[in-house]
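S.K.: my questions concern the predicted model and sequence given below.
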2 protein chains.
Amino acid sequence: MEVRHGSLLSEAIQQAGLDLNIPCGGQGRCGRCAVIVPEGSVRARVATRLSAQDIAAGYVLACQAVVEGDCTIIIPPQEQIVRRLTSERTAARIGLPFPYNPELDQTVRGFFVRLPPPTLGDQMDDWSRLRTALAQEHQVTNLTADLVTLRRLGAVLRKSGEQDWPVTAIVEMDAWDRSYGPPRLIDVLPGERTEAVWGTAIDIGTTTVTVYLVNLVSGEVAEVAADYNGQIRRGEDVISRIVYAAKSAANNNGSKPSGLAELQNLVLETIGRLLARCCQRRDIEPTQIYKATIAGNPTMIHLLAGVPPEQIRLAPYVPAVNDMPTLRAAEIGLGIHPAATVDCLPGVASYVGADITAGLLSTGFEESDDLSLFIDVGTNGETVLGTREWMLSCACSAGPAFEGAGVEHGMRATAGAIEEVWINSQTWEPTYRVIGNEMPRGICGSGLIGLLAELFITGVIDRAGSFRHDLPTPRVRQGEHGGEYVVAWAAETATGRDVVLTKVDIDNLLRAKAAIYAGFSVLAHSLDLRLEDVSRFLIGGNFGQHVNVEKAVQIGLLPDFPWDRFHFLGNTAIRGAYMALLSRDARSRLTEIARRVTYLELSADNAFYNEFTSALFLPHTDQTRFPSVASILKQKPEMAWEDTEQNPL
Amino acid sequence: MEVRHGSLLSEAIQQAGLDLNIPCGGQGRCGRCAVIVPEGSVRARVATRLSAQDIAAGYVLACQAVVEGDCTIIIPPQEQIVRRLTSERTAARIGLPFPYNPELDQTVRGFFVRLPPPTLGDQMDDWSRLRTALAQEHQVTNLTADLVTLRRLGAVLRKSGEQDWPVTAIVEMDAWDRSYGPPRLIDVLPGERTEAVWGTAIDIGTTTVTVYLVNLVSGEVAEVAADYNGQIRRGEDVISRIVYAAKSAANNNGSKPSGLAELQNLVLETIGRLLARCCQRRDIEPTQIYKATIAGNPTMIHLLAGVPPEQIRLAPYVPAVNDMPTLRAAEIGLGIHPAATVDCLPGVASYVGADITAGLLSTGFEESDDLSLFIDVGTNGETVLGTREWMLSCACSAGPAFEGAGVEHGMRATAGAIEEVWINSQTWEPTYRVIGNEMPRGICGSGLIGLLAELFITGVIDRAGSFRHDLPTPRVRQGEHGGEYVVAWAAETATGRDVVLTKVDIDNLLRAKAAIYAGFSVLAHSLDLRLEDVSRFLIGGNFGQHVNVEKAVQIGLLPDFPWDRFHFLGNTAIRGAYMALLSRDARSRLTEIARRVTYLELSADNAFYNEFTSALFLPHTDQTRFPSVASILKQKPEMAWEDTEQNPL
């Protein structure tokens, strides 16, 4: 194929229709888009992610190289995204969150009317005919409609019957806060179809998209589906996607969409595929879905709506919109009924979005007098501390280490990932469990937490994360980037290379766990509260469903509380979106939550920096905060906790 | 080029990018799409519009012939559409219709605010920042916005300034009836631009589209432009366009839009071209137009909105929508600001539309106690009789004869059309005036009325429209279709053929004038009123600006009143749309007019049929209704009015 002189190699590869992952969004940071150029003219910028060995072997980063003449490119096998999603479960397991009466609670309803067809003596137009009947029989007055619905009205009425016209009108009665204007006709169906009113609750995670297909008459979740967000290959974290979104169409013919449009299309494709799967199981059409509520962090909501997210990553970090006006599906190209209401739930700040407010709603956070702490663990550790009276939030940039990125042999929790590790404290030999029972290819988040805890508890690394090189085991050795521990020898791996955890990796993991821990510590300290006073520790995200709590405490990611204070709640965002889908009242409470949550900006906060540096040790500089860990270590004289209150460094 | 076997010849010609007029919409009625097939395989249906001579010469109607093999097509020169539009005048001549105070009257306004840019201590999102300022400084609360505007918001704010952000918000405060919901942000402009608020009033005539560009701050008409409706070549009257709209994409590759979409695009192109012309003169962009009011008959409004109009022509003749909900420009693809309000004004019935209600508004019809009669002369003679207390309307299918269609040498009022004729009562030799002072090519509407009156008054035809063949003039002769009068000999015409008026043409004209006269007669009689009681005869449409009143009375098209009761008002529809654009109150009155006008369906009315047949004579069966005409005829003994009260036939 031909490309313009000076084209980015990554764009040329995409134009050729070939698959290339660009997890960091094309910043040259992650090194995942490395390709081999055996011959030809390519000019590459210096790529710190490539070793001298790689460069000698002809590797370049496709996102950092431009085509300057004829060349041949070899694309190494791309990491497979294998489904291993625990959130896709049978819908029967999801109960109604509260007693549901659609007549009182639901904004979108179906009304059956039987219209008299027009005659020469009754020439009322179709639209007035329907409006009059709905007003007379169901007290739906001042009805308005979208053009897309009016265009179909005449044909639907005339195919509904001969003697009379029996039809079902799908009407949005008002908005959740009743401030929205007159009722709006969304659709007209021939015959009595008042049962055919469907909605969807959607959680757009940076990594995973989850949808509920909900019957708006019964309120029940009919189907659940989840899949990876199709945007992943254009950036693994929100910052990478914001960078990618700003890329303009710089290809040969200008027909390629901008980065923003491409990311919008990718997530719409993911949602569309999931909804199609749900609808197929129920034998309905996606166009029978008349309402959607959407949770997600602000970047995800901006990308879905096609609103440029660039200011989210630039100081002073303000989103364009925290509280999106109600949209129609056709405005963003969401593949449900084009006139369906799309309600993007409100967020608080650039890094505390609708995923958090919906999460708070679903946990009943604002209904309790107890001091609670809600944390959604992911690339950003968003944390909310408060009671029904007040809520204070923060977000700390933990980085993607717990999601397997930025770690030498890190990977997502897919087939071939080491997800759990145990180390023998006598021999320092590991035992591990691999997802899919395959030969290991790398280590995922829960495996990294377990491995870090085991290395620490067995004395392979010290409190600062440095290797002890005096241990009689070949597992601990000096690698290219300093000390490293070999989890799996080349012979037993799928890659034919040793799977290791390096000192550099450990430092990344320590920074991630320190950021999260510092986040909730600062929240508490800023209010002169002690973490110990928190009676409920609510943990959202799929994180908790894989992580071993004991090990998370041992590395100082979670505080050393009685375990019964921890509540691992899974995907709280989708459940909040589901509640907002069903009920005006729940939706109003969600906006009230968004209004009441105060945001504490940590980037301007010295206390956060102090807390962060103190938490860079295992489990923490201040041993008194982790008594259970201290007691384990005291049983191992060689690892005895240094008896000091002072920072050991 | 290649087309599919069985393609319509007219479609094949359009696919080839060649120009072919199809005035009747492809029904085979008008005969204007005749082409010559010198060789090749084409199968044509029997075409009554072609003479045996034409068929022998190889003519077929392109809309009635299918391609069955290789063939060669010769397309005769197409009738040129030359501009001769009296409605395009300097805007300075159009005064404000009433005292205008934008703060009270106007729904769309500009507000200047100066926003503090965000800081780490003030991270309010862009959208909330603007909303807060508008609420605090201008009491604009609960503002909502379209996505298209939110997408641009961040960039506009940041380019507005450094120290602070001075911007102008264009806001739709509410709808004309204040029932519409919260205020809506339409646009944001950098700097203080409160003067830059523009609107447009549009009249979509079946033949002519007229636009006013209006400054919504001063209320003044800044520019006026008018042009032929681009849909003309796909059908000259509304019925032809409805037929064309129902055509589906039956070409080779399916990429051609359906008839409906094509007609929608054609009128959007016309409007877009006119607005671009106005904006260019004022050095503004069409995207600075934030509001549009649109008048037009129901078929025109359906086609503009892309709503199928097919039921308008089928009994019992009901439109899909008489009163369209308020639209956004982007919904229909109107080339102004995409979030601009588009208000299609309300109509009454399938053939009494917003052109009539807007016309009534502009005449002050509903403000007078006098019995008034409003008539908009065109293909359909829409008539309204009433006072401020009541209004009764009807529409009669006059046919397109007065617009030059359905007449052997009829043509539109373009260059080469005979527009006025005088006949010498001694010699029966005509004198005529031609538009553009060219050699004549045909006769337009005003020419036909004048010619018919002259033929009658000079005794060339009798009261039934039949030729007297005993006159000593070669002008009256027997033609292919019966008697005919030669207006211009071949040697003096641009076509090289005699320009004649035939008995068939005269019958068409008599039917047209009889339908219009019968319409207002039936309205009056149905209420036991006499036409003589009408004190104001309000005539809308460009008709009156060309027609000689005396001759219109002589043929019995207009009643025989003192001439001071006739008020020729020109384009009343655009003036009503302009009033509705400016003021909530005028817009409310327009809807009140649409509600109060009662529609009388003539197709089910025997009285109409009786009136119609009585009016098929010159000037009318009942001579007492036309005393001024009778007195002229009495001066000519050979034409003496038969002294009878009975129907002479």
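M.R.: Yep, that arrived.

S.K.: tally of neighbours for residue A:516?
M.R.: The burial metric for residue A:516, expressed as a neighbour count using other CB atoms under 10 Å in any protein chain shown, is 26. Using the backbone N, CA and C atoms, a C-beta is placed for each residue, glycine as well.

S.K.: helices and strands around whatever helix or strand it lives in, which ones?
M.R.: Here residue A:516 sits within helix A:503-526, counting by DSSP states H and E. Helices and strands touching helix A:503-526, by 3 or more CB pairs under 8 Å, 6 or more residues apart in numbering or on different chains; DSSP states H and E, are strand A:372-376, strand A:380-386, strand A:391-397, helix A:445-457, strand A:482-488, helix A:606-614.

S.K.: take the ones you listed and write them to CSV, including mean pLDDT.
M.R.: Formatted as CSV, the helices and strands packed on helix A:503-526 follow (pLDDT from 0 to 100):
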stretch, mean pLDDT
strand A:372-376, 93
strand A:380-386, 90
strand A:391-397, 91
helix A:445-457, 93
strand A:482-488, 95
helix A:606-614, 92
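
S.K.: any chance of those in JSON lines, plus distance to residue B:216 and mean neighbour count?
M.R.: Compiled in JSON lines, the helices and strands packed on helix A:503-526 are given as follows (distance: least, CB to CB, whole Å; neighbours: other CB atoms under 10 Å in any protein chain shown):
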{"stretch": "strand A:372-376", "distance to residue B:216": "48", "mean neighbour count": "25"}
{"stretch": "strand A:380-386", "distance to residue B:216": "45", "mean neighbour count": "27"}
{"stretch": "strand A:391-397", "distance to residue B:216": "44", "mean neighbour count": "23"}
{"stretch": "helix A:445-457", "distance to residue B:216": "58", "mean neighbour count": "26"}
{"stretch": "strand A:482-488", "distance to residue B:216": "70", "mean neighbour count": "21"}
{"stretch": "helix A:606-614", "distance to residue B:216": "51", "mean neighbour count": "17"}
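
S.K.: between these, which one is nearest to residue A:362?
M.R.: Of all the helices and strands packed on helix A:503-526, strand A:372-376 sits nearest to residue A:362, with 10.0 Å by CB to CB.

S.K.: pull that closest one out as PDB, backbone CA atoms only.
M.R.: The C-alpha trace of strand A:372-376 is given here as PDB (Å, rounded to 0.1, in the frame of the first residue of the first chain):
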ATOM      1  CA  SER A 372     -18.100   5.800  55.700                       C
ATOM      2  CA  LEU A 373     -15.300   5.700  53.200                       C
ATOM      3  CA  PHE A 374     -16.100   4.800  49.600                       C
ATOM      4  CA  ILE A 375     -13.300   3.900  47.200                       C
ATOM      5  CA  ASP A 376     -13.400   2.900  43.600                       C
END
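
S.K.: closest point of chain A to chain B, which residue?
M.R.: Nearest to chain B in chain A, going by CB to the nearest CB, is residue A:181, at a distance of 2.8 Å.

S.K.: isn't that residue right up against residue A:143?
M.R.: No - with contacts counted by CB atoms under 8 Å, residue A:181 stays clear of residue A:143, the gap being 10.9 Å.

S.K.: show me the contacts for residue A:560.
M.R.: A:553, A:619, A:625-629 (CB atoms under 8 Å, 6 or more residues apart in numbering or on different chains).

S.K.: who wins on neighbours among those residues?
M.R.: In the contacts of residue A:560, the most neighbours by other CB under 10 Å go to residue A:619, 27 neighbours.

S.K.: got the residues of the stretch 451-600 of chain A near chain B?
M.R.: Residues of the stretch 451-600 of chain A found near chain B, taking CB under 8 Å from any CB of the partner chain as the criterion, are residue A:599.

S.K.: what about the helices in the stretch 451-600 of chain A?
M.R.: Along the stretch 451-600 of chain A, the stretches classed as helices by DSSP state H, counting those that start in this stretch are A:503-526, A:549-554, A:572-582, A:584-596.

S.K.: which of those helices is buried the deepest?
M.R.: Scoring the helices of the stretch 451-600 of chain A by mean neighbour count under mean count of other CB atoms under 10 Å in any protein chain shown gives helix A:572-582 as the most buried, with a mean of 28.

S.K.: neighbours of residue A:39, how many?
M.R.: Residues lying near residue A:39 (other CB under 10 Å) number 10.

S.K.: pretty sure it sits against residue A:69.
M.R.: No - assessed by CB under 8 Å, residue A:39 is found out of contact with residue A:69, at 10.4 Å.

S.K.: near chain B, which residues of the stretch 51-200 of chain A show up?
M.R.: A:118-128, A:142, A:144-147, A:150-151, A:153-155, A:158, A:179-182.

S.K.: among the residues you listed, which are in helices?
M.R.: Of those, the ones assigned to helices by DSSP state H are A:126-128, A:147, A:150-151, A:153-155, A:158.

S.K.: farthest-separated two in those residues?
M.R.: Farthest pair in these (CB to CB) is A:147 and A:158. Separation: 19.0 Å.

S.K.: domains of chain A?
M.R.: Domain assignment for chain A by automatic domain parsing gives A:9-74, A:91-190, A:198-344, A:355-400+A:510-629, A:401-505.

S.K.: out of these, which gets nearest to residue B:229?
M.R.: Using CB to CB, the nearest of those to residue B:229 is domain A:91-190, at 21.0 Å.

S.K.: and residue A:147 and residue A:158? which has more neighbours close in?
M.R.: residue A:147 (20 against 15).

S.K.: give the contact list for the more buried one.
M.R.: Contacts of residue A:147 by CB under 8 Å, 6+ apart are B:305-307, B:325, B:327, B:331-332.

S.K.: now the strands for the stretch 1-150 of chain A?
M.R.: Assigned by DSSP state E, counting those that start in this stretch, the strands in the stretch 1-150 of chain A fall at A:34-44, A:59-61, A:65-74, A:108-115, A:144-145.

S.K.: good, wrapping up.
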